[in-house]
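Colleague: Predicted structure and sequence below. I'll ask about it afterward.
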Amino acid sequence: MLSRLYNRISTGLWIGMLAILWLAIISGLHFWLNFDHDTRKLVRMGYMPVVTNLAAPLLDRACEANRPVRYEALKFSSFAEMGEALRNGQIQAAFIIAPLSIVLHQQGAGVKIVYIGNRHESTLVCRKDLQAKTFRDLARKSIAVPMRYSGHNIATRLLAEQFGLQGPDLNVVEMNPPDMPSALATGALDAYFVGEPFAAKTVRANESNVLCYVEQVWPGFICNLMIVRDELIQNDRETVRDLVHTAARSGIWAKRNTKSASEIASKYWNQPIELVEYAMDTPPGRIVFDQFIPKKEEIQNLADLMVKFKLLESNDITGLVDDSFARSVNLEGITDLRSIFSEQRK
């Protein structure tokens, strides 16, 4: 009898021990699969999936485990959402549409412009059946831009001035870039002005025609730029320096390795590689990768235009531009993707 009781206790003990072990294994797997175990310094970068922000996925992809800082690219569907994330400290850097940086600065968000994204990558397209030849043909047609505070909105108004469209003849609407191609394809939209590859998507589908490239309207056009929080600069200038230098060097690598850069971007953006590669090189040599230094006079001109078109009341940009990091970039020794990181932080 005692033997049977002992065996029952032993069996129960074993079952209990196995249950505890099983729970420990399940808990361990849950922790491992659902929590980030990377102990490196983390800088979160917000971005929209357009060519001007190509540096974001390239930095994320190139961050190997032996580097002291991890740059994590977080994709957003709207610039307004990204701006709020930066303001609230959820991200420390943002590849954001240029005029919005001025708005955030004037609202006291505490940010600095430290880098200019790849230039000349925005396109105005219109429905193919419109057979539009000039901007004048878009009178009273719906034209989408990414947001009120966008260079595309300003460029559209510059075109309207040039072609004499005003009042009800100019119909500009705001729409998030990922929604523009489908809106045009279904007939809900007549035209849109946006960063690539969203314009190329309907062009390649034979649903739209290119009416103009942004550089034809505004040479040196800045679509997106990088802003960082003041506190990151104050507390960790070395990391900001590394971030800006690597972003700038990534553009040079992408220019020399368009196909490889397109492959990486297509995975982060969930877009076909053929579309990204087409947007990167149509027309050939269109994208400008080496004009990344922020210049106060360019940002001032942008602010002046925002006041002119009644997007802002003030053109004050005092303290917004910090070119010190971009001016010290060394563009030598760029070979493979890993080489985009500066020597001091490899």
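Modeller: Noted; the coordinates are in hand. Numbering: from 1, shown residues only.

Colleague: C-alpha from now on. contacts and neighbour counts both.
Modeller: OK.

Colleague: Mind jotting down where the strands sit in this protein?
Modeller: Under the criterion DSSP state E, the chain carries strands at the ranges 41-47, 69-75, 93-97, 111-116, 122-127, 142-145, 171-174, 191-195, 208-213, 224-229.

Colleague: nearest to residue 256, of these?
Modeller: Across those, residue 256 has its closest neighbour in strand 111-116 (19.0 Å, CA to CA).

Colleague: what's the angle between the closest one and strand 224-229?
Modeller: On the basis of axes from the mean of the first three to the mean of the last three CA atoms, to 10 degrees, strand 111-116 is oriented at 140 degrees to strand 224-229.

Colleague: just checking, what packs against strand 111-116?
Modeller: Packed against strand 111-116, as judged by 3 or more CA pairs under 8 Å, 6 or more residues apart in numbering; DSSP states H and E, are the following elements: helix 98-106, strand 224-229, helix 237-256, helix 324-327.

Colleague: circling back to that earlier point, turn the strands of the chain into a markdown table, including mean pLDDT and mean neighbour count.
Modeller: Formatted as a markdown table, these follow (pLDDT from 0 to 100; neighbours: other CA atoms under 10 Å):
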| stretch | mean pLDDT | mean neighbour count |
| --- | --- | --- |
| strand 41-47 | 95 | 21 |
| strand 69-75 | 95 | 20 |
| strand 93-97 | 97 | 29 |
| strand 111-116 | 98 | 27 |
| strand 122-127 | 98 | 26 |
| strand 142-145 | 98 | 24 |
| strand 171-174 | 98 | 16 |
| strand 191-195 | 98 | 29 |
| strand 208-213 | 98 | 20 |
| strand 224-229 | 97 | 25 |
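
Colleague: Those: which one's closest to residue 85?
Modeller: Residue 85 lies closest, by CA to CA, to one member of the strands of the chain: strand 41-47, at 8.2 Å.

Colleague: what angle sits between that closest one and strand 93-97?
Modeller: Strand 41-47 runs at 10 degrees relative to strand 93-97, counting by the same axes, to 10 degrees.

Colleague: got the CA coordinates for strand 41-47 in CSV?
Modeller: Output of strand 41-47 as CSV, limited to C-alpha atoms (Å, rounded to 0.1, in the frame of the first residue of the first chain):
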residue,chain,number,x,y,z
LYS,A,41,21.6,51.8,-28.9
LEU,A,42,18.4,52.1,-31.0
VAL,A,43,17.5,55.0,-33.2
ARG,A,44,14.0,54.7,-34.8
MET,A,45,13.6,56.5,-38.2
GLY,A,46,10.2,57.3,-39.6
TYR,A,47,9.8,57.3,-43.4
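
Colleague: Between strand 69-75 and it, find me the angle.
Modeller: 30 degrees.

Colleague: Could you please name the strands strand 41-47 pairs with and the direction of each pair?
Modeller: Paired with strand 41-47 in the same sheet, following DSSP bridges, are strand 69-75 (parallel), strand 93-97 (parallel).

Colleague: picking that back up, ok, and which of the helices and strands packed on strand 111-116 has the densest surroundings?
Modeller: Highest mean neighbour count of those: strand 224-229, a mean of 25 (counted as mean count of other CA atoms under 10 Å).

Colleague: which regions of the chain sit below the pLDDT cut-off?
Modeller: Applying pLDDT under 70 to the chain flags the ranges 1-19, 21-38, 65-66, 343-346.

Colleague: Tell me which stretches of it form helices.
Modeller: Secondary structure of the chain (DSSP state H): helices located at 2-34, 55-62, 79-87, 98-106, 151-163, 180-185, 198-204, 214-217, 230-235, 237-256, 258-269, 273-280, 296-308, 324-327.

Colleague: residue contacts, residue 146?
Modeller: Residue 146 makes contacts with 152-153, 174-177, 193-194, as judged by CA atoms under 8 Å, 6 or more residues apart in numbering.

Colleague: re the thing from before, want to throw the strands of the chain into CSV with distance to residue 320?
Modeller: Shown next, in CSV, are those (distance: least, CA to CA, whole Å):
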stretch, distance to residue 320
strand 41-47, 19
strand 69-75, 23
strand 93-97, 14
strand 111-116, 5
strand 122-127, 24
strand 142-145, 25
strand 171-174, 26
strand 191-195, 24
strand 208-213, 28
strand 224-229, 9
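
Colleague: still on that earlier bit, switch the helices and strands packed on strand 111-116 over to a markdown table; also include distance to residue 126.
Modeller: Shown next, in a markdown table, are the helices and strands packed on strand 111-116 (distance: least, CA to CA, whole Å):
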| stretch | distance to residue 126 |
| --- | --- |
| helix 98-106 | 24 |
| strand 224-229 | 22 |
| helix 237-256 | 28 |
| helix 324-327 | 36 |
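
Colleague: Could you say which one of those comes nearest to residue 284?
Modeller: Closest to residue 284 of those, according to CA to CA: helix 237-256, at 11.0 Å.

Colleague: can you list the domains in this protein?
Modeller: Per automatic domain parsing, the structural domains of the chain span 41-119+222-345, 122-217.

Colleague: what about stretch 67-81, distance to the chain center?
Modeller: Between the centre of stretch 67-81 and the centre of its host chain there is 8 Å, according to CA atoms, centre = their mean, to the nearest Å.
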